[in-house]
Structure formats: structure tokens, C-alpha cells
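J.: Here is my input; please provide its structure:
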Amino acid sequence: MNFEIDEQQRDFAASIDAALGSADVPAVVRAWSAGDTGPGRKLWATLADLGVTALAVAEEFDGIGAHPVDLVVAAERLGYWGVPGPVAESIAVAPVLLAGDAERSAGLASGELIATVALPPLAPRAVDADTAGLILVACDGVVFEGTAGAFHQSVDPARRLFDVTTAGESQQADTARAFEFGALVTAAQLVGAGQAMLDGSVEYAKQRSQFGRVIGSYQAIKHKLADVYIAVELARPLVYAAALSLADGSPDTARDVSAAKAAASDAALLSARSSLQTHGAIGFTQEHDLSLLLLRVQALHSAWGDPTWHRRRVLDRLEATTGE
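T.: Here you go, the predicted structure:
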């Protein structure tokens, strides 16, 4: 089976790269971490102009109604550049939960509304609930509006976590499908972040010298970076396969999404460790942009289910299929 994206999808990814590449995203992330979301909202407005925020919203609500693979293509680029904010929650999960809400779906599509979501037990807290225009709390087939409660520090300062409480009446929602989209888009972000750190490490290895030679000439460094390349390249098709399962309503969707999330988490963590080893201690200083991705990966690898939970779900589904 061929999981390569087509020319239109490659052009879409290139347009996102062009926009984010000129936006000084690291400065935006640092401002977001400090509580200044103004630059980040401008960045989200740019993404809205490109159609990113409308991808998962139905056409009848001024969205694009795109294929989940298109959503994965966009999410990987957002992960590559480290875009702050409730990415998975607003562009993927909320559109599913609000599938019958014309007004708020249109707001999500236009980018005027940024939503965050708590979906316990695996996503019990809402990201950026203090700045999102809409807080949703979903569980067991229903969704409520929510209000922000106590703040909890994340390992990534750009991901502010909040307890939430429900408010108002509930509405029916496909919370199971919403969870799969949350896990899938987070996996795609992890693949993008892993690729970004790999690219940065390769470039740094060509420049940094040790014992009179550039470190990229040492076999140990080559092998380490090659291991990361293989891990990322193995995770990416699993993410695309999960997107196809979601699109087709496959009975194997849960298994495929979990396989993608576990593999993407492992690949991104391996890339993070290798990047830090390649750069040395400077890579983890606040002044170095690599530190932003290192922290993002640490946060996202456990978001929407950690690798252990997802491996357990893969095993459970396989055992159910084989009857063993």
C-alpha cells in the first residue's frame, strides 16, 4: 500500500512551511509561555487563512470537510515548527464534538474561535483554558461547555493545563471518534517535531568540531542520527494508515491510532535524546530553540494517552481479533 501524499498535499504542506518559516515561531512560543498570546493568535490567523483551522469542519458550516490525511499533513507541519496553542483540540477534536453546532463550527473554521477540550480519563485537563474562546468537556457520548479551574504547570511552559468543570446542559457527541482524532493529530505533531529535531541535529553535526573533526564525520554520530531517521520514517506511515482507518470507519481504527501514537511518541523521544546528545548541554538552554521542541515532545508524548496505554490497547485489539 502506498502512503505517499499527493502533489496537492505536498503543496499544502509547503505553503504552511513558507508561512511558519517566516513567522519566527520560537519567539511566538516564548511569548505564549510568558502569557502574551497576541503573537500566537496572529499566527493562528495565518493558519486560518491557509485553511488549516477549517480542515475538519463540514462544508455546510463553511469548513473544508477534508480527508483525515489532509489533517495529518497539516498537523505534522505544525509539530515541525512547534506552533503553540490547543492544536489537536481546536482543529481536530472540537469539530467532531460540535458536528451539529453550525455557529460554533463556523467559528472554528474561520479561526475566530479557538477551542480547548478535556476528555477524561486520558485527557483530563484542558490546554490553554485561560485563553481559549471555548472550553469543552466530553465523556461517554456527551459534551458540555466548561469553565477553567485550577492551573497545573506542564513540563512545556507553552502548554498551560487547567482543571475544568462542566456548565450548562449536555449535548450528544461522538466522543469516541473525537478521542481518536485527538490522539492521531498529536501523533502527527510528534512526527513533525521528531523530524525537526533530526534536521537540526544533522545541520549542527556538519558544523560542530571536536578533536579537530566535525562531529558528523564520526560513525557513532552517523549511526545515532540514522536510528532517528528510521524511527521517524517508520512512524509516519502508521500515522497515515490511522488517518485512512478513521476516514473509512474501519473496525481497526482504535488499533491503528494507538499504533501510530505509540510509534510517534517513541520516535520523537529518540530524536529528542539524540538531538540533546548531538548539541550538548547548549541544546537545553532556554536561549536555544531546540529546548522548545525538547519540552514540547516531553509534553505531547503522554498527551491523549501515553505509549504504554496505547501499546496495551493495540495488544487488546489483537487478542480480541485472534481470540487468544
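
J.: Show me the strands in the stretch 101-250 of the chain, by range?
T.: Under the criterion DSSP state E, counting those that start in this stretch, the stretch 101-250 of the chain contains strands at 115-118, 126-127, 134-139, 142-152, 161-172, 209-210, 213-214.

J.: what's the closest of those strands to Leu315?
T.: Among the strands of the stretch 101-250 of the chain, strand 134-139 comes nearest to Leu315, with 24.5 Å by CB to CB. Just so you know, the C-beta spots here come from the backbone N, C-alpha and C atoms, and that holds for glycine as well.

J.: could you check the angle strand 142-152 makes with that closest one?
T.: Relative orientation of strand 134-139 versus strand 142-152 (axes from the mean of the first three to the mean of the last three CA atoms, to 10 degrees): 110 degrees.

J.: In its sheet, which strands sit next to strand 134-139, and in what direction?
T.: Using DSSP bridges, strand 134-139 pairs in its sheet with strand 115-118 (parallel), strand 142-152 (antiparallel).

J.: I'd like these as TSV, with mean pLDDT, distance to Leu300 and mean neighbour count appended.
T.: Formatted as TSV, those follow (pLDDT from 0 to 100; distance: least, CB to CB, whole Å; neighbours: other CB atoms under 10 Å):
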stretch	mean pLDDT	distance to Leu300	mean neighbour count
strand 115-118	98	15	27
strand 142-152	96	16	16
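
J.: Tabulate these (JSON lines), appending distance to Pro84.
T.: Shown next, in JSON lines, are the strands paired with strand 134-139 (distance: least, CB to CB, whole Å):
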{"stretch": "strand 115-118", "distance to Pro84": "12"}
{"stretch": "strand 142-152", "distance to Pro84": "16"}
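
J.: Which of these sits closest to Pro39?
T.: Minimum separation from Pro39 across these (CB to CB) falls at strand 115-118, 18.6 Å.

J.: Which one of the strands of the stretch 101-250 of the chain lies nearest to Gly200?
T.: strand 213-214 (15.4 Å).
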